[in-house]
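Undergrad: Structural data only, the sequence is not supplied:
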């Protein structure tokens, strides 16, 4: 930490800060500047909130952290890229992984039809929500375990891996019994009880960024899962909240290269939630692959106009097929494949 | 809902939209404009996601909802202001309710000292976290049930009511056994499993706005609790996330009059989290009362520089006393009292 | 500046950074931490972009500035509060200054009627736009010099001071010939050519914060005017852009105490633009005074429903009178008067 | 416009709104809903602020505009894509146009060296600022006309087209005498005096989106130029302001497909300002081409660590060459070429 003293801080205020730094187990280094004195506190600062509290001491202007607050997720700890293995499927390897399917699991027929179509188009993971976090208590809340069984049937029929969301720590075991990948949604990115349970259960986790989560906070949320010993975590950018209303959220694609610099964990992009409109999904899916995403999460529905949720941002099966065809040359152009 | 057709939408596209509106159980009213056709779908639209899905139909430009999506929280349903009763304490009545105490419960002595001081200054509710949602897994996570017991002891000694946070649906019963008011924090505002449990347990709930939650979404979150039959809900504005970094969050005080217009539920403001700096707490507490808040949630700590969390935004006991003295004439100026 | 090296930066990278720091005329101080090396560059860093460029050197992680980038606007330079004098009127003194009037000057009768009413209610400055910056080229663009003459007539009739906006550097002289205070609007906060002209002409200036301007950038914009030798600058918070849509902007009232800490310049609040709805103006005006604003800028119109612009956020004359009566006890409660 | 009445609006309030709609020259159509009455005002609503003012009438809840506020920039007016011609260069045609060069023009040698290098790499336009809008009055403000001459010399030596920024309406003629394309920067996107002058002078204009400008406001700003009869306008996405601080701005790449849907004007992306870090420029440049951008604006500097401005986000000449090589297969993959 760097402790910046106020202009005109007194000798005794500076001495008091040094005393407190040393009391907390750090070494103090003083730099006397032209206008201000700056004090470095040397030691491992991560997880040490108390240094931050020096900011309330008289004469202190600000306290600036130097180290990233995350450890296990950091490139400083693990230089190379991690691969999350889901059976024989690799997330973070040379192939861009495409996960596709409806927002909500609605029926067995819907899941089978979708699964066969997305598999034929080249997807390797089937998505579909059985437990739905909905803004309104009056909206469709999902089929729960029945939905998980429909996913299971679609897996049995196609060999696709299954990703589905879990929203309640109490359901983690149940969902993990069906799913190949647990999805933790944007609204639960700082639901720490849920993150810990997902860490304990050991299944691969796709963690979505919250709509107001900074990239550092996002990595801290992943750190909750990693610190329980579960290293099979992939991160998912899905749009942040901004003033712009012509899209549902603002897809922060810069997060892809930023995450690729800061962390070894694979990075997936969800252009469906990120834009909220089906006709922006294809261009943003292409952009995602072009800027280095390891995978895509895309909403696909046989009949979007009758969907229980998110119809507006779902691709029809033929549109999805077309998108996959268009993605291939872009993946090749950046040294990947679908 | 109002369905706005694209410029140049064909007759048959319009007919198809009308057919679908009627199929979903609504009546269609057509307005032919100079450039565009607009179709009104008449009927109760709340909880009806499917009308929104008309936006994917050919020829449709946008679908505009007319009714607010919340019912039980709405002023349209209940014109007057609701009072949340916590024993003999009224939230939403003529008195501005002040809830004060440390971010984290750290020890019995800390809680007793704080409770006596804030009571002497005029607070009627003691706050303190036993289950702490922390951004970092390496930060202090709270004392759990031991912390609840310290709160209980402070209540016994002072007669103050107790408010404390619950973060896991599995803990709701335990926390409700100790607390007078359950606090649901900003990071859990759309943790629907937690909201439902808080609705079922029936205790008064203070629901905090999330850092990227619109006011409408905030009221929909409250609606989850209300729709379980628990009407004892107070709302808390605590700052939203914006580009400005000189404060920890941007306290959205306009939310107070907006909420007072849209809902009958009482509105509390938390200037401590909202600003993140102790020296901005007093001015923003005064502003909150001036614009119509029903109460304040303020972090107070005997020695902020040693606090386990949020020391930077905590008032010392003497500063809190001084603030209470300064708040009284402002409360009177707006026809309230402390 | 503090230069933070990457974990694992080499000896020679560190040496190269030190060499460059010294080449730019600073002294280098090295702190070797447990994981990283940190280098302090001592000297006056303001206006020195080049130190920031060290961030591109190999082995450098980030460069952290220590001093505030503004000088003349800073409390570090001038400890006390500045008073902007407009003839016999003081902005920043014990009296809260209320500036009121329509968004656009529409006619002489409108200005006279409004001027008399706001003066009777206790306002001391009349606002009204003759040059209007409008989002649409098809919207009413203002009466230009004719509007300035109507303002002049209203001043002659009432003795109120006149504030009006200038949007083009070429018009500064003309507007300054009529106005007592030049208003620079939110969209021009970083129109540096305009700021410099306003600095040269020497008239008191009310500078509005832009909708995406951080408080530091806002003070840097003021610094442009001050550095031309014009110290008669008051700052105006008028709402920032956020994701919330129930108000037109999000009035960042915390900016008032933040500015009062960082700068000696007086701080005005515009709750009309800040909220965009007339029924939120009164509560936010009260909150502004409660948290320490030196003045208010309020849109008032005899018949808002016929206004050429901003009718939705304008108070009727009687509502304004009522607001002024309600503001008085709040001003007294914080040791001020209207 | 659609006027939504409040629940419980009276007959006479509805009649009064209808009367006012007709008085303003529109036809009123009434839809009586289950809970609310909705009134359509039929007629061309663009540029008609007064309908919006109905929102202040008793009984009115909200007024919802139906038409886009822009005309000339709209796809509704011109279905196909426009091509902006700069001599023999086409912006908006099959070739992706790359504009590259330093942030600031610093010397003739710097411009010549950069021009030759970016031309060799495949760029067709040279950028460089002679008039610099700088946040701080103490920062380098540009070489003014001398800088324009250096650009002219670089054009003579290489045949590249020249783009440079103009910040003051008074300088438009001077800058237009040297530049092939006038750049209007983010801070001036709503500097309407400057927009009008740029419209009058008739030269091709690259208009940058402001950091808090919605896409609709951006198109309204372009409309100012178009409505002066200058149709040679290209739009530039360069990042918006959000809460995320790991990039300088948040590059809103979704704006590319959104603009491609709403307007016929070509769309350029500036990944240098959009990210603020040179190592994120290449991935975001690739993403821009992949999602349909018509061109790129990229900061390139022979020695970024000595740059007068924006060194941190500038590519070295060799890195730029490498990026161009990597962009070619992506352009081909989306049916374009460099």
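TA: Nice, I can see it. Quick caveat, the model's predicted, so the values are computed rather than measured.
Undergrad: CA only for contacts and neighbour counts going forward, please
TA: Fine.
Undergrad: Where do the helices of the stretch 1-150 of chain A begin and end?
TA: In the stretch 1-150 of chain A, helices defined by DSSP state H, counting those that start in this stretch lie at A:11-23, A:49-52, A:108-121, A:145-158, listed in chain order.
Undergrad: could you give me the average pLDDT of the second one?
TA: Mean pLDDT, computed over helix A:49-52, is 72.
Undergrad: Then the first one?
TA: The predicted model assigns helix A:11-23 a mean pLDDT of 92.
Undergrad: got a list of contacts for it?
TA: Contact with helix A:11-23 is made by A:5, A:27, A:28, A:39, A:41, A:51, A:54, A:57, A:58, A:59, as judged by CA atoms under 8 Å, 6 or more residues apart in numbering or on different chains.
Undergrad: Tabulate those (CSV), appending neighbour count and distance to residue B:309.
TA: Listed next are these as CSV, based on neighbours: other CA atoms under 10 Å in any protein chain shown; distance: CA to CA, whole Å:
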residue, neighbour count, distance to residue B:309
A:5, 26, 22
A:27, 16, 22
A:28, 20, 22
A:39, 24, 22
A:41, 25, 19
A:51, 23, 11
A:54, 23, 12
A:57, 18, 15
A:58, 16, 19
A:59, 21, 21
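Undergrad: Sketch out the low-pLDDT regions of chain A for me.
TA: A:44-49 (pLDDT under 70).
Undergrad: sorry, back to before: now for the helices of the stretch 1-150 of chain A, which one comes closest to residue B:212?
TA: When those are compared by CA to CA, helix A:49-52 sits nearest residue B:212, at 24.5 Å.
Undergrad: chain center to the closest one: distance?
TA: Centre-to-centre, helix A:49-52 and its host chain are 27 Å apart (CA atoms, centre = their mean, to the nearest Å).
Undergrad: Please enumerate residues in contact with that helix?
TA: Residues outside helix A:49-52 that contact it (CA under 8 Å, 6+ apart) are A:1, A:21, A:24, A:45, A:63, B:139, B:305, B:306, B:307, B:308, B:309, B:312.
Undergrad: about what we covered before: quick one: which of the contacts of helix A:11-23 is nearest chain D?
TA: Taking CA to the nearest CA as the measure, chain D lies nearest residue A:51 of the contacts of helix A:11-23, at 22.1 Å.
Undergrad: mind checking how far the closest one is from residue B:103?
TA: 17 Å (CA to CA, to the nearest Å).
Undergrad: picking up where we left off before, so which of the contacts of helix A:49-52 are in strands?
TA: Counted as lying in strands by DSSP state E, out of these, are residue A:63.
Undergrad: mind putting the contacts of helix A:49-52 in CSV, neighbour count included?
TA: As requested, the contacts of helix A:49-52 are arranged in CSV below (neighbours: other CA atoms under 10 Å in any protein chain shown):
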residue, neighbour count
A:1, 23
A:21, 22
A:24, 13
A:45, 20
A:63, 20
B:139, 17
B:305, 22
B:306, 16
B:307, 20
B:308, 20
B:309, 25
B:312, 21
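Undergrad: Could you save the contacts of helix A:49-52 as JSON lines and add columns showing distance to residue B:198?
TA: As requested, these are exported to JSON lines (distance: CA to CA, whole Å):
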{"residue": "A:1", "distance to residue B:198": "40"}
{"residue": "A:21", "distance to residue B:198": "42"}
{"residue": "A:24", "distance to residue B:198": "40"}
{"residue": "A:45", "distance to residue B:198": "37"}
{"residue": "A:63", "distance to residue B:198": "38"}
{"residue": "B:139", "distance to residue B:198": "26"}
{"residue": "B:305", "distance to residue B:198": "34"}
{"residue": "B:306", "distance to residue B:198": "33"}
{"residue": "B:307", "distance to residue B:198": "29"}
{"residue": "B:308", "distance to residue B:198": "27"}
{"residue": "B:309", "distance to residue B:198": "26"}
{"residue": "B:312", "distance to residue B:198": "30"}
